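K.L.:
attaching a predicted model along with its sequence, questions to come.
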Amino acid sequence: MDAGEITMDAASFQFVAFGLGVALLSNLSRSHVWRSIVLLLASIAFLGLVGHSPHVFLPLAGFLLLGYGGLVLLEYGSSRLMVWTILAVIFVYIWLKKYTFLPEGSFLHFPYLTLGLSYIFFRVLHLLIETGDGDEKRHIRPGAYLLYTLNFTTLVSGPIQRYDEFARDQFARDPIVLGPRTIGLQLERIVRGFFKVNVLAMLLHAVHEDALSQMAQPLPTGLKLYAAFRLAVVYPLFLYANFSGYIDIVIALARLMRVRLPENFDRPFAASSVLDFWNKWHMTLSNWLKTYVYNPLLLALMRRISSRAMQPLLGVFCFFVTFFLIGVWHGRTSEFVIFGVLTGGGMSINKLWQLELTRAMGRKGYRALAEKPVYVAFGRGLNFVWFAFTLFWFWGNWNKIDSVFAALSFVQWLGVWLAAWLAATAVLALWEWLRARLLSIRTSAGPVLSSRYAGVVYASALGLAALVMSVLLNQAAPDIVYKAF
Amino acid sequence: MIQSNAIQSSAIQSKASDPGDLKEAKLPRRDWILLPLLSLLTIGIIAVSTELIARRMFTEWVSGTERCKVSSDPLTGVERISSCVYWGKEFESQPTEYHFNSSGYRDDVEFGAKSPGTYRIALVGSSVGAGGGTPSAKTFAVTLPAELSERTGHAVELYNEAIPGVPGLPQSLALRFKDVLATQPDLVLWVLTRWDVKEASSALPGPEAPVEHPAVGGEAWPRVKEDLARGAIRDAASGLWGLVRGLLASTKQAFQDSRTAFLLQHDLYGSQSVYVKYSLSGPDEFAGYLRAEPSAEWQSRLRAFDVYVANIQAQAQAAGVTLAVVLVPSRPQAAMISMGDWPAGFDPYTLDDELRSIVVSHGATYIDIFPGFRDIPNPEQYYFAVDGHPSPDGQAIISRLLAAGLSGGAVPALKAATAPQAAWMRAR
């Protein structure tokens, strides 16, 4: 991509400027009609800047039409059709995304836009399920449907917002407040997000790429082990900076348009278990799947299998299915099936571990153990390393994965992962300790570090760094990893 | 509004970024001044302290040049120095001693008659050959003869007649090649860089032309005011836009010339992937030679280069001297070769292939050292990161690869009797 090219589907200067411009226009009137017109036109303009000819939008338009058709059917009382409508939407989604288990000949053979399709898919399914299951039927007008599904702030990589939350803010006659304090906080958040994607993620990505390249070079064993260590630990940090940075930007832009988007991250690497991690990482996706897969599946199984002894194991099984689906959702190839198995497997094993310890130690005993700082620290490290391990099937194809693992012996790899576990344990513990210490420095208004003065200093420094890097490297902003899904 | 079903109500409820209260506490009046000032202060402190640190870390100086004899080269019109020793340090190099002999070349020895049985090489080219930033004893101009002597069993000596800058360019070399031949070499080793090829189509500089700077501030603003006064709003707006662009451009330039920018570049270019991406994203002038298909501009440069190769080879041939040409990979080329993988549309070997074809077509010998970089992990670390010239370790690598290339059979008189052929020489 040329440096001068318009990159709207990344956390670029152009995207931020576009978003700020739209927010400014949107606030010219408090009327919800005006704000909706601005958002719709901006979303259409956004799509126009991403796709360069009308025909690339045809499949996306068809998908949206299918979703809306299903919605209308369900609204008019054909609830029995819900399962078939949902299956049709899932099938068309899989077909448009060209999942490799479908025959190649069945796909459309012209270039078309799939950007944001996954996130539209979740929103459409959410509408269909809620409408089909809801006791009170409400009509969603085509304009509102388009606003919700094509909202440019959530199109590329989410977060996956509920319709009622979106409608509550977007169509409010008395929109939520937007004063100088809020504007300042959102601008700070945009700067922070921009820095995360364009500086931090870029540097971490470079470390990962260099390590990957070194694994294929004729290096002495010591240097190769060091490259493997970096390869193992850096990608989760990169992915976090890349994804959460973009989410920071879109949440702040939406807030400047008086819409509150849901948070997608809650300090995920502070999680001390795999179960806890998925409550803090890509929260809107895992919540969606817990709501629409885990809970219904668990209820259905519990209805069929009444044995009390089996019930905990049913939860383990449902965790596996739910998080296997999360893994598979990330990509169309067999690597993501392994990613899904590892993600679901990690959740299930963690749950089994909890059950086993609770059985052996009793509920109180387990709780006491789980609160011990050493247990928490090692749990945090283990969770980080497990996530890093599963991500090999996320960033790599089979060729890369094979060559990377073949570069070292099994024992050497074991040593690398052990070192990564210990290092992650120590670094994350130190980070948590430091964070707690810094936040304990308080005035009567609260922690100094979270004051607006500290925020301005922090944002100014990050903004300067991001600007300097952009000028110096003259490169387009790195792609947002999650836009590919 | 759609109703939530019983199961999902608690699970999918998301945590909003703020409660969105209908009223917001007022910002104290002092904060309207304090917060922007705090921001400016932060930026100022970071900018100044980084620049001061960078200035301490990266220094450059030259001392002792006042003792040098400066004369104008009668053939090329370019000023050259001779008969002196001076010290210099560039941003990324160690302090280095430069010894220029009376012939005006960076060589510790005075050129003289050839001893019987000695094979003499005249090294020509520009800064890489002259070993800028590398102590003389570590330049490949000094280490190569010893390596060749060891491989071939013959006495080999090398006169370093490479000159940094314009006098080292092909067009200058063609003019002063008689001087090179006058040192009675058996072989002329022409060490090229992509810069030599890029500049091959440019004319030798005459007297320095005055540089025109865009009108910024002082000149442009009165013009805008004049336009406004006579009601020419469009002209005033266009002038104002030009003024803003000029200011932005000069601010960007000032930053790029700062030591802070140098420090950051030095660190960032340590990463192979960042450096390669940066190099490939440059304009054609800097990245064109890395493309799989040379652009029209680079093809024109190659055509100009072809003319000089023909001229120089004709002179060498007439004097019965072998001309061997080698291209030293640039830092991005070395990095890409070692990575073994590059984006579509690019190829680090393109310029190497083009030059080989030109050199061989005129009957000269081409020494290909590019494949040798494939087996060196992160070879870009053997170049100065920002400056791009080979470091002392890079000079040692070039020396080793050149010795292998010259004694590998390309130059019969230097063919090693027993030395095994390096793996990289057999296949690319």
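P.N.:
Alright, I've got the coordinates. Numbers count the residues shown, from 1 in each chain, chains lettered A, B, ... in the order given.
K.L.:
are we agreed that A:K483 is in a strand?
P.N.:
No. Under the criterion used here (DSSP: H, G, I helix; E, B strand; the rest coil), A:K483 is helix, not part of a strand.
K.L.:
mind listing the helices for the stretch 51-200 of chain B?
P.N.:
Here the stretch 51-200 of chain B has its helices, by DSSP state H, counting those that start in this stretch, at B:127-130, B:140-152, B:170-181, B:194-198.
K.L.:
most neighbours per residue, which of the ones you listed?
P.N.:
Highest mean neighbour count among the helices of the stretch 51-200 of chain B (mean count of other Cβ atoms under 10 Å in any protein chain shown): helix B:127-130, with a mean of 26. Backbone N, C-alpha and C define where each C-beta goes, glycine included.
K.L.:
export that helix to PDB, keeping only CA atoms.
P.N.:
Presented in PDB, the C-alpha positions along helix B:127-130 are these (Å, rounded to 0.1, in the frame of the first residue of the first chain):
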ATOM      1  CA  SER B 127      32.800   5.800  -0.900                       C
ATOM      2  CA  VAL B 128      32.300   2.000  -0.200                       C
ATOM      3  CA  GLY B 129      35.600   1.300  -1.900                       C
ATOM      4  CA  ALA B 130      37.300   4.200  -0.100                       C
END
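K.L.:
show me the contact partners of it.
P.N.:
Applying Cβ atoms under 8 Å, 6 or more residues apart in numbering or on different chains, the contact partners of helix B:127-130 are B:106, B:123, B:139, B:141, B:160, B:162-165, B:168, B:191, B:193, B:195, B:328, B:389-390, B:398.
K.L.:
and the residues you listed, which are buried?
P.N.:
Applying 16 or more other Cβ atoms under 10 Å in any protein chain shown to the contacts of helix B:127-130, the neighbour count classes B:106, B:123, B:139, B:141, B:160, B:162-164, B:168, B:191, B:193, B:195, B:328, B:389-390, B:398 as buried.
K.L.:
could you find the lowest-pLDDT member of those residues?
P.N.:
Within the buried ones among the contacts of helix B:127-130, pLDDT reaches its minimum at B:G168, with 86.
K.L.:
domain assignment for chain A?
P.N.:
A:28-170, A:180-261+A:443-484, A:268-403 (automatic domain parsing).
K.L.:
quick check: which of these is buried the most?
P.N.:
Mean neighbour count, computed with mean count of other Cβ under 10 Å, is highest for domain A:180-261+A:443-484 among the domains of chain A, reaching a mean of 20.
K.L.:
now the end-to-end length of that one.
P.N.:
Taking Cα to Cα, to the nearest Å, domain A:180-261+A:443-484 runs 36 Å from one end to the other.
K.L.:
which element is residue 45 on?
P.N.:
Reading this off chain A. Assigned by DSSP states H and E, A:A45 belongs to helix A:32-50.
K.L.:
sorry, should have said chain B
P.N.:
Counting by DSSP H and E, B:I45 is part of helix B:31-57.
K.L.:
any part of that helix near chain A?
P.N.:
Yes. Residues of helix B:31-57 are located near chain A by Cβ under 8 Å from any Cβ of the partner chain, namely B:D31, B:L34, B:L35, B:L38, B:S39, B:L40, B:T42, B:I43, B:I46, B:A47.
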